[in-house]
Structures are given as structure tokens and as C-alpha cells.
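*Asks:* only the shape, not the letters, is given here:
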């Protein structure tokens, strides 16, 4: 079985259990609902990143600023040389969102715990309610790496390239969202768009196809089969999107780090932007 393109970014439970006391390691939990998870129990020594409050701007529709990230990492004891391991619920999709944001701001050694909370708990590994006390960190956010991020105007101006196959769009939402039957799953009532459908020319490959039942990532061979079947081979630039950019971060991670595709961007504006803007072209079956 072939190794992932960047195998070090995926951490297994055994490895993490052996390194929890490493002073250069920081573990962080990133959940959809931190109140229902982190407070109930988390990995020993893990700090909490609230994806709404900590990784998004509190006022405008955008990621947190570089200054805000610097403050967050100072508060949670993260230094430039820290190995940061992220994990969470929902098969790590919010952990993957945090991974993408931290890479966007130039943090080097960030990894994802394979299987997230689900597998750690399933293996009856230690949990705690204790909130760690950490020394102030020293990492300072770098200039954003715009090679990792796509914007509305870029995609709107590149639809001819999508049509010709020179640019690949991957819509990672569920099939009913892609077809426009629903504009958001019922558990996300505040994230609807006025119109349903998808960006013209996009391929629908739901993000969850990349994980096994236990939350771990599928093998490289399995992943290649899934994406190649929809024409996503890495030969052309790829842009991923979902509804607000978090599920598409998971697919961005898979394509970039597990399959090694050289040019993948995440469109975090996603369908809540595209489906609400006046005169945005859409497709429905």
C-alpha cells in the first residue's frame, strides 16, 4: 500500500500517546460544538480552538486576521518550533479547517490526528476535563499565502477554464445540496443560501467519501480511485468549495497532503457567497 504524499501530517493514536508529554508538542481540539465536547472531556493537555470565535473574524465574513491568530497562538502557548496536532468531532472537518487557516498564515508543523475524537474515544484512551495552563507562545503570523485560497472573482472569471477542463472545481457538499434540492442540511439553519445548485462545471465528490467508518482517512489508492473517477487527477489546478469553507478544507487537505496535488485552493466563500450574490451563474440538474 502506497504511503501518503506527506505521511508526517497524519498522526496515529499510538504516536500521540507516546508524545503527549513532549514540551514541544501542543494538542488542540477543534469542534463544531465545543461546549458539548471539550468541556465533557478532551485529550490530556489539549487546548481548545472554538472555530466560530477563534478562527473566524468576529464581525466580517472572513478568516481571523493575522494579528488575531498571533494573539490566539500566544494565548495557547504555540511557538514557531511547536508541533501542533489538531483533532475534533465530525471526522476532523473543523480540524482540517483550522489546519488550512494555520497554513495560510505560515505555521509550519501542524498535523491531524487520524480518526479524531471518535477513534481516540473508541480505543478507550485517556480523557480529562482539566484545562491546561500554558506559557505564552511566541509564534507570529506570516503574510497570508494566497496560493492556498480562492475568491469569487477568480472563479467567476475562470468559468471558461472550468468548462474546458483547464481548471477543476470540486463541490464537496452532499448530493442534495449539489443538485439544489436543499440549500443546507437541516442541522445548519443559519447557513442557507437564497438559491440551490452548484457552480457551473463543478464535480460533486462529498468530503466524507475520503474517510472510513472509524473516521480515519482512506488509503492513498482508495482516494486516488475516488477522485480520478471524477477527473480530479492533479494534472490541472483544483479549487474546492462547500457551503462555508470548512468541509472543503478537509478535501483540500486530502488532495494537497495525502495525494500530493501541487495546486489546490480552498474557496471558503463557498456556496453561501456564490448562491447569494446577484447574477451568479448556477447549475441544477
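*Replies:* In hand now; what should we look at? Treat the numbers as computed from the prediction; the structure is a model and nothing was measured.

*Asks:* okay, now the domains of the chain?
*Replies:* 7-146, 149-274 (automatic domain parsing).

*Asks:* can you lay out those domains as a markdown table showing mean neighbour count?
*Replies:* Glycine gets a C-beta too; all of them are placed from N, C-alpha and C. Output for the domains of the chain, formatted as a markdown table (neighbours: other CB atoms under 10 Å):
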| stretch | mean neighbour count |
| --- | --- |
| domain 7-146 | 18 |
| domain 149-274 | 19 |
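
*Asks:* and those domains: which comes nearest residue 285?
*Replies:* domain 149-274 (5.3 Å; CB to CB).

*Asks:* what is the mean pLDDT for the closest one?
*Replies:* On average, the pLDDT along domain 149-274 is 95.

*Asks:* for the domains of the chain, which one sits closest to residue 282?
*Replies:* domain 149-274 (3.9 Å).

*Asks:* quick one on the thing from earlier: tabulate the domains of the chain (a markdown table), appending distance to residue 1.
*Replies:* Shown next, in a markdown table, are the domains of the chain (distance: least, CB to CB, whole Å):
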| stretch | distance to residue 1 |
| --- | --- |
| domain 7-146 | 11 |
| domain 149-274 | 6 |
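
*Asks:* closest to residue 281 out of these?
*Replies:* Per CB to CB, nearest to residue 281 of the domains of the chain: domain 149-274, 5.5 Å.

*Asks:* quote the end-to-end distance of that closest one.
*Replies:* End-to-end distance for domain 149-274, by CA to CA, to the nearest Å: 15 Å.

*Asks:* and if you look at stretch 251-267?
*Replies:* End-to-end for stretch 251-267, by CA to CA: 11 Å.

*Asks:* same question, stretch 153-171
*Replies:* Span of stretch 153-171 from end to end, CA to CA: 17 Å.

*Asks:* what ranges do the strands span in the stretch 51-200 of the chain?
*Replies:* Along the stretch 51-200 of the chain, the segments classed as strands by DSSP state E, counting those that start in this stretch run 83-87, 110-113, 168-171.

*Asks:* of these, which is nearest residue 134?
*Replies:* Using CB to CB, those put strand 83-87 closest to residue 134, at 12.4 Å.

*Asks:* who does that closest one pair up with?
*Replies:* If you go by DSSP bridges, strand 83-87 pairs up with strand 25-31 (parallel), strand 110-113 (parallel).

*Asks:* re earlier: can you redo the strands of the stretch 51-200 of the chain as TSV with distance to residue 159?
*Replies:* Formatted as TSV, the strands of the stretch 51-200 of the chain follow (distance: least, CB to CB, whole Å):
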stretch	distance to residue 159
strand 83-87	34
strand 110-113	32
strand 168-171	9
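
*Asks:* and residue 142, which of those strands is closest to it?
*Replies:* Closest of the strands of the stretch 51-200 of the chain to residue 142 is strand 110-113, at 13.1 Å (criterion: CB to CB).

*Asks:* ok, and what's touching that closest one?
*Replies:* 8-13, 16, 27, 83-87, 92, 95-96, 99, 102-103, 120, 253 (CB atoms under 8 Å, 6 or more residues apart in numbering).
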